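In: below is the sequence, then the predicted model.
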Amino acid sequence: IQNFMVEYLTNAFDGACGWHLVRQGCLRDCPGKNAAGKENAEKWEQFLTHVKNWLYSWMRPGYCETEDEYKISKELLFRYISSESALQAAGGHQQLLDTVK
């Protein structure tokens, strides 16, 4: 396929799909829906969705347009993951949040 792209699709490039990087990475590395306990499952899912959307924002045009904006956004994401609301979503289990970082 790569040889075909080079020869016939000269304006195309082979790169990793951002959706697959985030989704598959989360499936591989993030604790599942019930990891924070059944009573926190919905909050934990919402937390993970928020983190994934944050990561996707770095890939969308018009969101992070400079390296400085990306660095600020990344720092804010890490602060969010370390926040009290994130810990509550994790059912008080800090180790769950550590796996997301």
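Out: Looks like it arrived, so ask away.
In: which stretches of the protein form helices?
Out: 2-8, 18-29, 41-57, 67-81, 84-89, 94-100 (DSSP state H).
In: could you pull out the buried residues of the longest one?
Out: Along helix 41-57, these residues count as buried under the neighbour rule (16 or more other Cβ atoms under 10 Å): A41, K43, W44, F47, L48, H50, V51, K52, W54, L55. For glycine as for every other residue, the C-beta is placed from the backbone atoms N, C-alpha and C.
In: pick out the residue nearest the middle of this protein.
Out: Nearest to the mean C-alpha position of the chain, by Cα atoms, centre = their mean, lies K52 at 3.3 Å.
In: what residues does the residue lying closest to that one once chain neighbours are set aside make contact with?
Out: Closest residue to K52 apart from its sequence neighbours, by Cβ to Cβ, 6 or more residues apart in numbering: V22 at 5.4 Å. Counting by Cβ atoms under 8 Å, 6 or more residues apart in numbering, V22 touches K52, L55, Y56.
In: before we move on, back to that, quick one: closest of the helices of the chain to A35.
Out: helix 94-100 (5.7 Å; Cβ to Cβ).
In: who are the packing partners of the closest one?
Out: helix 41-57, helix 84-89 (3 or more Cβ pairs under 8 Å, 6 or more residues apart in numbering; DSSP states H and E).
In: pLDDT averaged over it - what is it?
Out: Regarding helix 94-100, the rounded mean pLDDT is 92.
In: buried sites along that helix?
Out: Those would be L96, L97, V100, for helix 94-100 by 16+ other Cβ under 10 Å.
In: cool, thanks, signing off.
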